[in-house]
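Undergrad: no sequence on this one, just coordinates:
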Ligand SMILES: Nc1ncnc2c1ncn2[C@@H]1O[C@H](COP(=O)(O)OP(=O)(O)OP(=O)(O)O)[C@@H](O)[C@H]1O
């Protein structure tokens, strides 16, 4: 398996003259899950979008295998991104979406048999939680070098969260995974490298106590 490395640094992002991200370093690589935690509004989603290439910071350096990339989303086969909010048009049929993403429907059903009955249905026929799960799974199973998952566990039932975590642990052997969620215990479980974003900067987290020290959790 080819080892790929994605690095982002020197990210500087302002909204309305307010610095959101100012000193960030991210390294993701094949075989690892890189997790991000942080309070509401600290800039997690913004950072994910900057890495993906859908948001341009005031400055950023994003490199794939040491090569600078102005926008990773334009590099074929490089990256896919699960945004925080549902993103696939609801009028598309499940089998159409599988074709578009080049993820065989059977691979999704093998992971989550609950989707079998929806093959000919429009995405909009699924419940909110099922849509979220379907989108997370199709991104996770995509044949790309890196994936970004922004809040994949929110709105998903506990049994399915555990199954998603199993999939993440398996899929990381083929791709690098960047993940963020407020369900921090799940993020701690799946992450090989963990960072906290605070005051626009990234801090490496090694233990549960580090999160207390940074004021992210109480105990
Ligand atoms: N398009 C925008 N214009 C102005 N301000 C924005 C814009 N997008 C985000 N912000 C602000 O930037 C900050 C970071 O937002 P972002 O969504 O990246 O945070 P987050 O850590 O993902 O938050 P949450 O955990 O609540 O999802 C917030 O204060 C938000 O209000």
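TA: Received, thanks. Source: prediction; values computed, not measured.

Undergrad: OK, contacts around the most centrally placed residue in the chain?
TA: The chain has residue 149 as the residue nearest its centroid, 1.5 Å off, counting by C-alpha atoms, centre = their mean. Shown in contact with residue 149 (C-beta atoms under 8 Å, 6 or more residues apart in numbering): 82, 136, 139-140, 168, 177-181. For the C-beta atoms, the positions are set from N, CA and C on the backbone; glycine is no exception.

Undergrad: pretty sure it sits in a strand.
TA: Yes: counting by DSSP: H, G, I helix; E, B strand; the rest coil, residue 149 is located in a strand.

Undergrad: and the pLDDT at it?
TA: On pLDDT, residue 149 comes in at 98.

Undergrad: please tell me how far it sits from residue 80.
TA: Residue 149 is 10 Å from residue 80, where distance means C-beta to C-beta, to the nearest Å.

Undergrad: go on, residue 193?
TA: 20 Å.

Undergrad: so between the two, which is more surrounded?
TA: Per other C-beta atoms under 10 Å, whichever of residue 193 and residue 80 has more neighbours is residue 80, with 22 against 17.

Undergrad: element containing the more buried one, please.
TA: strand 79-82 (DSSP states H and E).

Undergrad: got the contact list for that strand?
TA: 6, 48-49, 51-54, 72-73, 101, 135-136, 139-140, 142, 144-150, 152.

Undergrad: so residue 132 lies in a helix, does it not?
TA: Yes: per three-state DSSP, residue 132 lies within a helix segment.

Undergrad: give me every residue in the protein lying close to the ligand.
TA: 15-16, 20, 38, 40-46, 84 (C-beta under 6 Å from any ligand atom).

Undergrad: switch to 5 Å and redo it
TA: Counting by C-beta under 5 Å from any ligand atom, the positions of the chain adjacent to the ligand are 15, 20, 40-46.

Undergrad: who touches residue 95 in this structure?
TA: 105, 119-120.

Undergrad: what mean pLDDT does the helix or strand hosting it have?
TA: Using DSSP H and E, residue 95 sits within helix 94-101. Averaging pLDDT along helix 94-101 yields 97.

Undergrad: starting at the chain centroid, how far to it?
TA: Averaged C-alpha coordinates place helix 94-101 at 20 Å from its chain's average position (C-alpha atoms, centre = their mean, to the nearest Å).

Undergrad: how about the helices in this protein?
TA: Remark: helices of the chain, listed N- to C-terminal, are 44-52, 94-101, 105-111, 128-140, 158-171, 184-190, 208-213; assignment by DSSP state H.
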